[in-house]
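from the sequence below, what's the structure:
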Amino acid sequence: MELDPFNATLRSNSSLCWIRFGNGTQALKDAQACRMMRPGWAKGCHREGTALMLLKDDEKACGAFLDGLKLEPGNVEMEDGLREALESMKICGKKKRG
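Sure, this is the predicted structure:
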């Protein structure tokens, strides 16, 4: 990435690596950079949504997944991510009330 810091694909892949390492903060940073570099690419939205879920910010994750679905309606990965984020919000809401 030092040789090509404005490569959205590298940022997306870096975000995925950070997600797999469990580092949501760094994953989000790379996902947001990816989205800035290539705003019409749904993959960046998915990376951002996944990073936000790792950080337990399910509401913002829903927004990222919805942005991705606007770019690629019917994208199964995006739909699954949105469904998971919504379900997590329901579970957290029950815990807070309970």
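
for the chain, give me the ranges with low pLDDT.
Along the chain, segments meeting pLDDT under 70 span 1, 93-98.

90 instead, please
Counting by pLDDT under 90, the low-confidence segments of the chain come to 1-6, 89-98.

which helix runs longest in it?
If you go by DSSP state H, the chain has its longest helix at helix 76-97.

just the buried residues of that helix, please?
78, 81-82, 84-85, 88 (16 or more other C-beta atoms under 10 Å). In short, each C-beta sits where N, CA and C put it, glycine included.

now render these as TSV, adding distance to Ala51.
Below are those laid out as TSV (distance: C-beta to C-beta, whole Å):
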residue	distance to Ala51
Met78	14
Gly81	11
Leu82	15
Glu84	13
Ala85	12
Ser88	14
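
helices or strands next to the longest helix of the chain in the packing?
Other helices and strands packing on helix 76-97, by 3 or more C-beta pairs under 8 Å, 6 or more residues apart in numbering; DSSP states H and E, are helix 42-54, helix 58-71.

buried residues of the last one, list them for me.
Read that as helix 58-71. By 16+ other C-beta under 10 Å, the buried positions in helix 58-71 come out as 58, 60-65, 67-69.

now do the phi/psi pair for Asn7.
Note on Asn7: backbone dihedrals following degrees, to the nearest 10 are phi -90, psi 110.

how about the nearest residue to Ala33, chain neighbours excluded?
Nearest in space to Ala33, with sequence neighbours left out and distances taken as C-beta to C-beta, 6 or more residues apart in numbering, is Arg11 at 4.8 Å.

please enumerate residues in contact with the strand or helix carrying that neighbour?
Counting by DSSP states H and E, the element that carries Arg11 is helix 8-21. Helix 8-21 is contacted from outside by 1, 4, 24, 26-28, 30-31, 33-34, 37-38, 41, 43-44, 47-48, 50-51, 54, using C-beta atoms under 8 Å, 6 or more residues apart in numbering.
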